[in-house]
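Enquirer: Need coordinates for the following:
(4 chains)
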Protein chains: 2
Amino acid sequence: MTPRGKQTVRDLRRSSRSTLLRHLYFHGPLSRQELGTATGLSAGSVSNVTGELLTDGLIEECGSVESDGGRPRILLRVAPGQAHLVGIDIGETQVRVTLFDLALTELASADQPLLAAHDPERVVRMIASGLDQVLTAAGVPAENVLGIGIGVPGIVEQGTGADPGADTVVYGQTFGWDAVPFGRMLREHTPLPLYVDNGAKTLGQAEMWFGAGRGSRHAVVALFGSGVGACVIADGVRFRGATSSAGEWGHTKVHVGGRPCRCGSRGCLEAYVGAEALVERWDGTVPGTSEKAGLAALLRAAEDGQPGAVALLDEAAELLGASIADLVNLFNPERIVIGGWAGLLLGPRLLPAIGEAATRHALAYPRSRTTITLSDLGPDAVTLGAATLPLTHFLDSGGEMPDHLAAVAAV
Amino acid sequence: MTPRGKQTVRDLRRSSRSTLLRHLYFHGPLSRQELGTATGLSAGSVSNVTGELLTDGLIEECGSVESDGGRPRILLRVAPGQAHLVGIDIGETQVRVTLFDLALTELASADQPLLAAHDPERVVRMIASGLDQVLTAAGVPAENVLGIGIGVPGIVEQGTGADPGADTVVYGQTFGWDAVPFGRMLREHTPLPLYVDNGAKTLGQAEMWFGAGRGSRHAVVALFGSGVGACVIADGVRFRGATSSAGEWGHTKVHVGGRPCRCGSRGCLEAYVGAEALVERWDGTVPGTSEKAGLAALLRAAEDGQPGAVALLDEAAELLGASIADLVNLFNPERIVIGGWAGLLLGPRLLPAIGEAATRHALAYPRSRTTITLSDLGPDAVTLGAATLPLTHFLDSGGEMPDHLAAVAAV
DNA sequence: AGACGTTAAATCTCGGCGTGAAGTAAGCAG
DNA sequence: CTGCTTACTTCACGCCGAGATTTAACGTCT
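Expert: Below is the predicted model of the structure:
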């Protein structure tokens, strides 16, 4: 059933390198000693592997800590400037390209407005020029970039071949993208490794690494914006499903046959509590026109005690709670994180009611093992999460520098 | 984020053994040659490892196939009688204990009726006596049994220690079991390795190994009986969630605030389409009394064109389709298998309508990648699926014979 | 200052692994 | 019986991690 590939003795080394690199990355500077006890590797192997990583320049010594009378421990850490990462957020209104170092501190950013036209070719050109901008701004040569992570709207079908990023196909209903060969188009502009995923999913990744999901292995990051989405993490890994489209929470039904939804079905969660739907139901605004202002107005009205607004938000909390209860029943997560701009805006007011509704609607046992919290990440989380895609690959491979260097040089 | 443990060079051998054993198990008799090309191992290693497995008695030679003029290929297969497995189904009305050989052919079975009293202590004693019965009936010594897989109703919290099966705790609302230390109680009667899981989940396992889920890596087995449950398989592995209770599909909402459900919430799927609910809505029968007959009567009435019955079944198909659409959106499976006794009974009539409703309610892209089929397993699938639990462990470990032999001998 | 104890890290030996090449076994055709 | 083809086995090699041993780097005590 689960055919794990064969392994040679060299894979052991890769695995050791990966384990040590990962541990150093997430648990700060550590001595070889601590590294050994933490990872279970013998002191000899730690010495051996760290020596290799040191000569590769992937890690570096950084000070020492005295030990009770003996030789001091030398601390090791991942060398942050040895390699770089690019995270890209293709949003509804702009394309944002950010360059990070290995420690994911931001080095340079380039925003480009994306008004009416969402022509794929145009977006790709904007990415290419943004890439140029951030690299020259930070003075980082392209061959130092481990890879480019991109968060796009819509469903992303991952490639499977030797260059999977270049085979990525995007189905973005909001952009009118239907089976756009996004990876292939990008590949014509850059030889760097490409990692494309849904923007909500990269946001979820950021939340798991640096936000409210930190420390949990099973979580659902619920994203509440114009639409509603979710990113499911199972056992520390994003749940993708057969074609990477798992987690489309917004079109789960809360009232079968109820309000019509833009997806063509009726009674979807999004048709009730998506920001677009809420604003429309509140003041009849035409969809798409300044949702953020409309939602803020709805929130102010509710805080002023206006009955219609209060009722609308109460209903939203009830439905969100019930639908979160579905997530609890189906995924049994340790934690549910509510994010997205609408979630951040309404969260402080709605969270207690949502939690209470979830308790009423979910099975008692899994609900008791779940906490529901608000996201605590800023607006740049999508690019950050996108950058974790190549970073994950880097750590998994034990710090393998991609062999695109030659390709970059050749271009 | 994903700390994979360290590995020593000996783990390689375990991995190779597991790969070969697995491949032989699922892809029938094969020659060493074919085994090598299929698994990617070199011919030398295949010879080496198969030699080891042969002397361990785990595999055996079985005939040969001529090759075009050259030395004939010697076929290898897993030795079916070398070890045995026990699968147990704790149902609403009986406890069934079945002994299998390694090829999962049934050797002996013992049924014991379980009427009103579902006292855990009594159930454990019935298991112990059933175990004795099947072992003596088949003449298999206890130390030949690799382990005991048990499907129980309710939520199962897996243990984590050195003897995880013995730390299993069961929360079975239908049986009135609240945090029953089921594993510990069983451990007092047998030293054999224990593997406990929810009965619906073991049924799902059986479906994936031998039923309609065969060949898919991402699937949802939807179980439709008195209640409604599901078993989610992601990438060939059962999706457990944080506390093994993932997949509680029956209490997802189809109409928030709708019909009251026995779980305490309202509008759950189970409150509309569970067999108990259907029968009650059809003829007002008190819950629990001969649901199967009631459901069959409902089906006959619908086939006779009785409007109430037709409407009820049409609504059930619509709701099931909508809720299956939720599963498609959230889990993005390749296949959805509808099983359970009620599913088998109503399936032939409802399947077209369910599929059509699912298409209307799910997102187009993931829906187009999913097929919805009926289960094709018999009523003994729960024990079969339960037996796959120790079998999976056996294959994963590369054919490790548990060291409980000493313990068995000592008892 | 120098010897000593203590702890950290490097080095070395050892058994074990899978690969790939070379060698052997087992059938068939002429 | 010879030669050919194919299946399998054996073996040298490079590499791995564990564990023991050695070296390094400090504080402290005399």
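Enquirer: what about whichever residue of the stretch 101-250 of chain A sits closest to DNA strand C, which SS state?
Expert: Closest approach between the stretch 101-250 of chain A and DNA strand C, counting by C-beta to the nearest atom of the strand: residue A:162, at 18.6 Å. C-betas here are computed from N, CA, C, even on glycine. Three-state call for residue A:162 (DSSP: H, G, I helix; E, B strand; the rest coil): coil.
Enquirer: cool, residue A:54 as well?
Expert: helix.
Enquirer: Can you report phi and psi for whichever residue of the stretch 151-300 of chain A sits closest to DNA strand D?
Expert: Residue nearest to DNA strand D within the stretch 151-300 of chain A: residue A:236 (21.8 Å; C-beta to the nearest atom of the strand). Dihedral pair for residue A:236: phi 80, psi 0, per degrees, to the nearest 10.
Enquirer: wait, doesn't it sit right on residue A:214?
Expert: No - here residue A:236 lies out of contact with residue A:214, judged by C-beta atoms under 8 Å, at a distance of 11.6 Å.
Enquirer: Distance check, the closest residue to residue A:90 other than its chain neighbours against residue A:295.
Expert: The shortest distance from residue A:90 to any non-neighbouring residue, by C-beta to C-beta, 6 or more residues apart in numbering or on different chains, is to residue A:152 (4.8 Å). For residue A:152, the distance to residue A:295 equals 24 Å [C-beta to C-beta, to the nearest Å].
Enquirer: tell me the contacts of residue A:242?
Expert: Each residue near residue A:242 by C-beta atoms under 8 Å, 6 or more residues apart in numbering or on different chains is listed here: B:217, B:218, B:332, B:333, B:334, B:366, B:369, B:370.
Enquirer: Any idea how many residues pack against the third one?
Expert: When counting by other C-beta atoms under 10 Å in any protein chain shown, one arrives at 28 neighbours for residue B:332.
Enquirer: thinking again about what came up before, quick check: the residue nearest to residue A:90 vs residue A:194, distance?
Expert: In terms of C-beta to C-beta, residue A:152 sits 11 Å off from residue A:194.
Enquirer: Kindly report the same for residue A:352.
Expert: In terms of C-beta to C-beta, residue A:352 sits 42 Å off from residue A:194.
Enquirer: higher neighbour count, these two?
Expert: Ranked by neighbour count (other C-beta under 10 Å), residue A:352 and residue A:194 place residue A:194 first, with 26 against 11.
Enquirer: so what's the residue lying closest to the more buried one once chain neighbours are set aside scoring on pLDDT?
Expert: Nearest non-adjacent residue to residue A:194, counting by C-beta to C-beta, 6+ apart: residue A:165, 2.9 Å away. For residue A:165, the model assigns a pLDDT of 90.
Enquirer: what's the offset of stretch A:191-202 from the middle of its chain?
Expert: In terms of C-alpha atoms, centre = their mean, to the nearest Å, the gap separating the centre of stretch A:191-202 from the centre of its chain is 9 Å.
Enquirer: What parts of the stretch 51-200 of chain A come near DNA strand D?
Expert: A:64, A:66, A:69, A:70, A:71, A:72 (C-beta under 7 Å from any atom of the strand).
Enquirer: switch to 10 Å and redo it
Expert: Counting by C-beta under 10 Å from any atom of the strand, the stretch 51-200 of chain A comes close to DNA strand D at A:52, A:64, A:66, A:67, A:68, A:69, A:70, A:71, A:72, A:74.
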